[in-house]
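**Student:** using only what follows, build the 3D model:
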Amino acid sequence: AMEDILSSLTCPSPSSKPSAHQKFGTEKVALNDVSKQFGKQEQNPRSRLLFLKLDLSDMSSVRSAVATFSEMGLPLSILINNAGIMMKDRVASVDCFELTMAANHLGHFLLTNLLLPHLRREPDARVVVVSSHLHSVPKGGIDLEDLNCERKPYSLFGQYAQTKLANVLFGRELAKREKSVAC
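**Tutor:** Numbering: from 1, shown residues only. Next comes the predicted model:
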């Protein structure tokens, strides 16, 4: 049973046409989407959905969200890392990381690591790392020498694929290291 879900969503780049999340409020859209998938909260009194606003491309926002969550004193049983963006052009995040890498991988990596103490306290805690079939595109593996895509030509799908491969590698390594948390 889902007891607590911390769902992280990000919309780090403004667009000329507002998305449903921007128009109607990210919290309402996200909670409605999750409720549709898992049933209304009233149907399961043990379940609780919590929207915690954060921008995964901004590491200070991730740290602030974790501090806010920690102050709440709530248990955390499930962490679902499911945010992804694709940028047409190379854009730097506020922390000077390439924005796709920051939002799709680095933010999840930091969020998960900062929340691990909470997850370790819960029996049957889980981390779900959502990726894409595009993780198999980078034939040479992940380019650790150029994560920010500063030396090689920027490619929308190429950089997205690098981030999705980073997600898969992170999930595998997390599963090896964290025996008390299912991945």
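**Student:** what's the neighbour count on residue 93?
**Tutor:** A count of nearby residues for residue 93, using other C-beta atoms under 10 Å, gives 22. From N, CA and C alone the C-beta is placed, and that goes for glycine too.
**Student:** I meant residue 176, not that one.
**Tutor:** Residues lying near residue 176 (other C-beta under 10 Å) number 9.
**Student:** which SS state does the closest residue to residue 160 other than its chain neighbours fall under?
**Tutor:** With C-beta to C-beta, 6 or more residues apart in numbering as the criterion, residue 160 has its nearest non-adjacent residue at 4.9 Å, and that residue is residue 86. Of the three states, residue 86 takes coil under DSSP: H, G, I helix; E, B strand; the rest coil.
**Student:** likewise residue 65?
**Tutor:** Going by three-state DSSP: residue 65 is helix.
**Student:** doesn't residue 113 make contact with residue 63?
**Tutor:** No - look at residue 63 against residue 113 with C-beta atoms under 8 Å: they stay out of range, at 10.9 Å.
**Student:** mind listing the strands for the chain?
**Tutor:** With DSSP state E as the criterion, the chain has strands at 4-7, 48-51, 78-81, 126-129.
**Student:** show me what contacts residue 104?
**Tutor:** Residue 104 is in contact with 56, 83, 84, 85, 160, 163, 164, 166, 167, counting by C-beta atoms under 8 Å, 6 or more residues apart in numbering.
**Student:** can you do 7 Å?
**Tutor:** Listed by C-beta atoms under 7 Å, 6 or more residues apart in numbering, the contact partners of residue 104 are 83, 84, 85, 163.
**Student:** again with residue 181
**Tutor:** Residue 181 makes contacts with 119, 120, 125, 126, 127, as judged by C-beta under 7 Å, 6+ apart.
**Student:** change it to 10 Å
**Tutor:** For residue 181, the contact set (C-beta atoms under 10 Å, 6 or more residues apart in numbering) comprises 79, 112, 115-116, 119-120, 122, 124-127, 174-175.
**Student:** turn these into a markdown table, including pLDDT, distance to residue 101 and neighbour count.
**Tutor:** Shown next, in a markdown table, are those (pLDDT from 0 to 100; distance: C-beta to C-beta, whole Å; neighbours: other C-beta atoms under 10 Å):
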| residue | pLDDT | distance to residue 101 | neighbour count |
| --- | --- | --- | --- |
| 79 | 89 | 20 | 25 |
| 112 | 95 | 16 | 23 |
| 115 | 96 | 20 | 21 |
| 116 | 94 | 21 | 19 |
| 119 | 93 | 24 | 21 |
| 120 | 92 | 27 | 12 |
| 122 | 90 | 30 | 16 |
| 124 | 86 | 31 | 11 |
| 125 | 88 | 27 | 23 |
| 126 | 89 | 25 | 14 |
| 127 | 90 | 20 | 23 |
| 174 | 90 | 18 | 18 |
| 175 | 88 | 22 | 14 |
